[in-house]
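In: Quick one: sequence plus predicted model below, questions after.
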Amino acid sequence: MTQVRAQVYAETYAASITLGGCVRPPVDSCNPTNASTKMQGGKAVFENDNYRITCGDDNEVLIHNKNTGETYRAWGDPHMEIDGQHAFDFWGTTTLCLDDGTKVTIETTPWKNNPNMTLSSKVTITNGGYGAQISGVDTNRTGDLHIDETHGFRRLLDATVDDGNRIYENSWGKGFVAVDDCGRVRKVDQKYIDKTDLEKGGKLAERFKNAFGALAGLISIAFVGAFLGALAGARDEREPRAERPEPRPLPRPGDDPIWTGGAPHLDESRRSLFHVSFELTMVRYSAQMA
């Protein structure tokens, strides 16, 4: 069987050269950036076409962008350096989303000498269907640096690891950016981390997540209602006046609130009810922000 495969490959290669083409090695759809992770010189090293990520048993995670030359270094308890300059500190789980789709999630653990401080302990790296998890990065215990790899089960690995505070590599400049709860792109600095790092009680994102979800739901309901109302109006314009159905009466207390079918008409009474509901919701939302 091996000889047959070798012969087929040789014939394909020869045919491609004859036609003036070139042969490229087969691409692994589960590992589009040719990622691998191995132990080198006592450190765990992830490498793909665009990045080299090194983790030692010394609280340090070093990320090198091969395309820009930029380096990101998480060290100590943990501090984040960008090209050798201190950028910010973080405490809880933080995910760095890199330009080529690689996700680097750094989990932390309390330092045994001072439980109020944390150390990088576990690093999960995923890209495409490839995933690697490096444990034992912290110095609470030495000699336990370990690599686990997965090919094709990245989604399962992602599902078992919480992203924590997610920030994005800045494609237009140095450092990292993030999208705040108002949809604004912000540079990630210490002020932003202080408000969003869950380990330090920065509940900003978590606190407003449900409020924005409810607001989005209300807006969706409004658009759906308006859309159905427009459809009903268009249908009425197409139908001969004599064939138009009688408009449904407004429900009264005690009536069954479930429609038996058809598109509801968004008449003035319901618009008023919706506006009152929307205004009350906005008042509640404003109170939560205060």
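Out: Done, it's in. Numbers count the residues shown, from 1 in each chain.

In: alpha carbons only for contacts and neighbour counts from here, please
Out: Will do.

In: Quick check: Lys174 vs Gly92, distance?
Out: 23 Å (C-alpha to C-alpha, to the nearest Å).

In: Neighbour count for the two, which is higher?
Out: Applying other C-alpha atoms under 10 Å to Lys174 and Gly92 shows that Gly92 carries more neighbours, namely 22 against 14.

In: did I read that right, the more buried one in a helix?
Out: No. According to DSSP: H, G, I helix; E, B strand; the rest coil, Gly92 belongs to no helix; its state is coil.

In: Not counting sequence-adjacent ones, nearest residue to it?
Out: Closest residue in space to Gly92, ignoring its immediate chain neighbours: Glu199 at 4.6 Å, by C-alpha to C-alpha, 6 or more residues apart in numbering.

In: In a helix, the one you found, correct?
Out: Yes. Counting by three-state DSSP, Glu199 falls inside a helix.

In: Okay, and Ser29 sits in which element?
Out: Per DSSP states H and E: Ser29 is located in neither a helix nor a strand.

In: Bridge partners for Phe88, pull those for me.
Out: On DSSP bridges, the residues paired with Phe88 through beta bridges are Met80.

In: rewinding a little: Phe90 versus the residue nearest to Gly92, what's the distance?
Out: Distance of Glu199 to Phe90, computed by C-alpha to C-alpha: 9 Å.

In: And these two? Which one has more around it.
Out: More crowded of Glu199 and Phe90, by other C-alpha under 10 Å: Phe90, with 24 against 16.

In: Ala74 contacts Asp58, correct?
Out: No. If you go by C-alpha atoms under 8 Å, Ala74 and Asp58 don't touch, sitting 10.7 Å apart.

In: the more surrounded of those two?
Out: It is Ala74, of Ala74 and Asp58, that has more neighbours when counted by other C-alpha under 10 Å, with 23 against 20.

In: tell me the SS of that one?
Out: strand.

In: can you give me the mean pLDDT across the longest strand seen in the chain?
Out: Longest strand of the chain, by residue count under DSSP state E: strand 114-127. Mean pLDDT, strand 114-127: 96.

In: Neighbouring strands - and their directions - for it?
Out: strand 103-111 (antiparallel), strand 130-135 (antiparallel).

In: Any regions of this structure where pLDDT drops low?
Out: 1-28, 202-290 (pLDDT under 70).

In: let's see 50
Out: For the chain, the stretches with pLDDT under 50 are 1-24, 205-228, 230-239, 241, 244, 248, 251, 253-290.

In: What residue spans form the domains of it?
Out: 26-190, 207-289 (automatic domain parsing).

In: Please spell out which residues along the longest strand of the chain are buried.
Out: For strand 114-127, burial by neighbour count (16 or more other C-alpha atoms under 10 Å) applies to Thr118, Leu119, Ser120, Ser121, Lys122, Val123, Thr124, Ile125, Thr126, Asn127.

In: Could you do stretch 42-60 as well?
Out: 43-48, 50-60.

In: Give me the contact list for it.
Out: When contacts are defined by C-alpha atoms under 8 Å, 6 or more residues apart in numbering, stretch 42-60 is touched by residues 33-39, 61-67, 73-78, 100, 119-121, 134, 136-139, 142-147.

In: Could you do stretch 75-95 as well?
Out: Outside stretch 75-95, the residues within contact range by C-alpha under 8 Å, 6+ apart are 59-61, 70-74, 103-108, 117-120, 162-167, 174-175, 189-190, 193, 197-200.

In: start to end distance for it?
Out: Start-to-end span of stretch 75-95 (C-alpha to C-alpha) is 15 Å.

In: ok, now stretch 60-72?
Out: The first residue of stretch 60-72 is 10 Å away from its last residue (C-alpha to C-alpha).

In: I'd say Ile125 and Gln133 touch.
Out: Yes. With contact defined as C-alpha under 8 Å, Ile125 reaches Gln133; the gap is 6.3 Å.

In: okay, the strands paired with strand 114-127 in TSV with distance to Leu96 and mean neighbour count next?
Out: Shown next, in TSV, are the strands paired with strand 114-127 (distance: least, C-alpha to C-alpha, whole Å; neighbours: other C-alpha atoms under 10 Å):
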stretch	distance to Leu96	mean neighbour count
strand 103-111	5	22
strand 130-135	15	23
